[in-house]
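Enquirer: Give me coordinates for this.
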Amino acid sequence: MKKLFFLFLFICYSFSAFSQRTKKDSISALKLVSAPAEVDYSSTIIRRFLTPEVLVKKNPPKKWMVTGKYTFLFNQSSFANWSAGGNNTVAGNMTLGYDFNYKKKKWNWDNKIISAYGLSYVDGQGMIKTEDQFEYNSLLGLKASKLWFFSFFSNFKTQFSRGYDYKQEPKLAVSDFFSPAYWSFGPGMLWKRNDDARINIAPATARYTFVSNEFSGKYGVEEGKTSKLGLGFNLSAYYKKEIMKDVTMENILAVYSDYLNKPQNIDIDYQLNILVKINKNLSTNLGLHAIIDDDASKKIQFKEVFGLGLNYIFHKT
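Expert: Residues are numbered from 1 along each chain as shown. The predicted structure is shown next:
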């Protein structure tokens with residue numbers, strides 16, 4: 001009988017200790033994780049069975065962050081009896097941007113697609129292409145320290161349609177789809193403070209340049225060939241910041257030097273985008289794009305686009 005009595009006391013004590021321990025763990029977890037308002041966590045039964053592991057599973061960290069954004073940029077000029085002269089113009093630019101980033105433990109995988117196409121109608125000249133871009137950036141990183149990662153990057157860019165030099169008469173074709181196209185890739189080191197501030201250094205970058213038979217001998221490709229392989233140093237950087245309320249500035253930079261062919265001729269590709277938010281769907285957009293590339297042009301290439309933007313976010317998770 002005494003044995004049964006002591007066994008009963010031992011069971012009661014064990015159950016009490018287990019209950020107190022579970023209660024403390026549950027309360028600690030509830031302080032760290034926000035709980036739905038409809039659940040009454042004051043209940044002893046719920047606190048006892050809703051362990052920290054269960055709470056974490058309720059709100060697991062997201063592995064993928066995906067954002068898709070469509071922008072239509074419009075500008076127009078109209079003249080009537082204007083003594084200074086001028087041609088009526090209507091221009092529209094469509095931009096489709098897609099970001100999909102993956103994070104899990106020490107791994108980071110950032111992907112960014114930039115695509116844009118624009119046309120302008122000018123009285124007396126007809127339709128003129130003003131924008132044509134497709135670019136895909138992929139950057140894989142394995143954390144080495146707090147802000148540094150071992151990395152591997154890939155960058156591909158080309159255009160969608162045929163391009164002309166309108167200054168010549170008749171107009172002269174100077175480019176086409178996949179002509180030129182550039183593909184760069186290589187290992188390196190990545191410094192990343194967050195998704196809006198990063199610099200990648202790749203000292204052993206392979207770079208392919210592709211053209212069609214029609215444009216053989218241009219864009220650094222030898223006459224009679226349709227591709228060129230280079231090996232060089234690549235630095236890419238991305239920085240995005242809200243410089244004041246409702247005004248966002250985005251910087252995209254790529255620098256490349258070919259060890260095998262005139263390494264002193266450094267290629268620079270820089271994009272600056274400034275967005276002034278009016279409301280959820282309207283904004284004023286300013287885009288500046290400068291390129292220095294001796295293989296494409298002996299002069300600095302510069303493009304500026306400004307107008308009223310209609311924005312639509314079609315995918316965000």
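Enquirer: My read is that residue 191 contacts residue 147, right?
Expert: Yes. Using C-beta atoms under 8 Å, residue 191 is in contact with residue 147, at 5.7 Å. Where C-beta positions appear, they are placed from N, C-alpha and C, glycine not excepted.
Enquirer: Those two: which is more packed in?
Expert: Neighbour tally, residue 191 and residue 147, criterion other C-beta atoms under 10 Å: the higher count belongs to residue 191, 16 against 13.
Enquirer: What does that one show for phi and psi?
Expert: Torsion angles at residue 191 (phi, psi; degrees, to the nearest 10) stand at phi -100, psi 120.
Enquirer: Now do the closest residue to it other than its chain neighbours against residue 137, distance only.
Expert: Excluding the flanking residues, the one nearest residue 191 by C-beta to C-beta, 6 or more residues apart in numbering is residue 199, at 4.8 Å. Using C-beta to C-beta, to the nearest Å, we find residue 199 at a distance of 13 Å from residue 137.
Enquirer: These two - which one has more neighbours?
Expert: residue 137 (21 against 15).
Enquirer: In the sheet, which residues pair with the closest residue to the more buried one other than its chain neighbours? Tell me.
Expert: Distance criterion C-beta to C-beta, 6+ apart; nearest residue to residue 137, sequence neighbours excluded, is residue 112 at 4.6 Å. Residue 112 has these beta-bridge partners by DSSP bridges: residue 99, residue 137.
Enquirer: same deal with the one 5 residues further on?
Expert: Taking DSSP bridges as the rule, residue 117 bridges to residue 94, residue 132.
Enquirer: which residues touch it?
Expert: Counting by C-beta atoms under 8 Å, 6 or more residues apart in numbering, residue 117 touches 93, 94, 131, 132, 133, 160, 161.
Enquirer: And the pLDDT at the fourth one?
Expert: So the one you mean is residue 132. With respect to pLDDT, residue 132 has a value of 95.
Enquirer: count of neighbours near it?
Expert: 18.
Enquirer: Who are the contact partners of it?
Expert: Contacts of residue 132 (C-beta under 8 Å, 6+ apart): 116, 117, 118, 159, 160, 161, 163.
Enquirer: For ChimeraX, write the selection for the buried entries among these.
Expert: Here is the ChimeraX selection string for the buried members of the contacts of residue 132, based on 16 or more other C-beta atoms under 10 Å:
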select :116,117,118,159,160,163
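Enquirer: Of the contacts of residue 132, which pair is most distant in space?
Expert: Comparing all pairs in those by C-beta to C-beta, the longest separation belongs to 116 and 163, at 13.6 Å.
Enquirer: which stretches of the stretch 151-300 of the chain form strands?
Expert: 163-165, 172-175, 181-194, 197-210, 227-244, 247-258, 267-277, 282-292 (DSSP state E, counting those that start in this stretch).
Enquirer: quick check: angle from the longest one to strand 197-210?
Expert: With axes from the mean of the first three to the mean of the last three C-alpha atoms, to 10 degrees as the basis, strand 227-244 and strand 197-210 are set at 150 degrees to each other.
Enquirer: Then the last one?
Expert: Computed by the same axes, to 10 degrees, the angle separating strand 282-292 from strand 197-210 equals 60 degrees.
Enquirer: mean confidence for the next helix or strand after strand 282-292?
Expert: Scanning forward in sequence from strand 282-292 by DSSP states H and E, the next helix or strand is strand 301-316. Averaging pLDDT along strand 301-316 yields 91.
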